[in-house]
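# sequence plus the predicted model coming up.
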Amino acid sequence: MALRDQATRQSSKSGMGITLQRFFMHVHIFFYQRTGGVIGSNLGRPMLLLITIGRKSGQERITPIFYFPYEDRFVLIASNGGASQHPQWWFNLQVHSEAKVQIGRHIIAVTARQAAGEERQHLWALITSKYPEFTTYQKRTTREIPVVILTPHQS
């Protein structure tokens with residue numbers, strides 16, 4: 001009985017953590033959108049709103065996420081904090097590679113693709129030299145963390 005009670009308490013804690021995380025994500029999105037990024041576009045690093053289409057629901061999904069500007073593109077790291085599973089936004093982009101990003105007040109149509117080979121190694125090295133926590137996230141998981149390149153559509 002004690003093991004079941006412990007498992008129930010653990011489940012409640014993780015459920016509460018997920019609920020709080022979702023709450024703060026919605027607050028972040030709310031303020032980012034309402035202020036055109038004045039609030040929420042830089043939380044110690046540049047942040048954008050990634051707007052994807054849900055792979056199962058077909059509904060628009062918005063995720064605030066750190067990005068790395070690179071040349072005329074945006075680079076995202078699908079680390080999910082080193083979890084064993086990819087973040088939902090990456091699953092969505094694998095099904096629907098066309099997406100949008102909001103940076104400040106600007107909404108930009110983009111196409112997503114996964115970096116591979118030398119390109120991935122180069123980008124990974126650039127990003128982890130500035131943000132070493134991504135190296136820690138990679139050590140937490142057996143999956144290779146995807147490096148995702150968002151290329152803006154030409155106007």
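Received the coordinates, thanks.

# spatially central residue in the chain, please.
By Cα atoms, centre = their mean, the chain has its centre lying nearest to Ile65, at 4.5 Å.

# partner strands of the host helix or strand of that one, parallel or antiparallel?
Under the criterion of DSSP states H and E, Ile65 resides in strand 60-66. In the sheet, strand 60-66 lines up against strand 47-53 (antiparallel) (DSSP bridges).

# can I get the partner strand in PDB, CA atoms only?
Output in PDB follows, covering the C-alpha atoms of strand 47-53 (Å, rounded to 0.1, in the frame of the first residue of the first chain):
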ATOM      1  CA  MET A  47      12.800  34.200 -27.500                       C
ATOM      2  CA  LEU A  48      10.300  33.800 -30.300                       C
ATOM      3  CA  LEU A  49       6.800  32.400 -30.500                       C
ATOM      4  CA  LEU A  50       6.800  29.300 -32.700                       C
ATOM      5  CA  ILE A  51       3.400  28.800 -34.400                       C
ATOM      6  CA  THR A  52       2.900  25.300 -35.700                       C
ATOM      7  CA  ILE A  53       0.000  23.100 -36.700                       C
END
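
# quick one: residues in contact with it.
The contact list for strand 47-53 (Cβ atoms under 8 Å, 6 or more residues apart in numbering) reads 29, 32-33, 40-41, 59-67, 74, 76, 89, 92-93, 95-96, 98-103, 107. Just so you know, the C-beta spots here come from the backbone N, C-alpha and C atoms, and that holds for glycine as well.

# follow-up on the earlier one: okay, buried residues for the helix or strand following the strand holding Ile65 please.
Next along the chain after strand 60-66, taking DSSP H and E as the criterion, comes strand 68-70. Applying a neighbour-count criterion of 16 or more other Cβ atoms under 10 Å, one finds Phe68 buried in strand 68-70.
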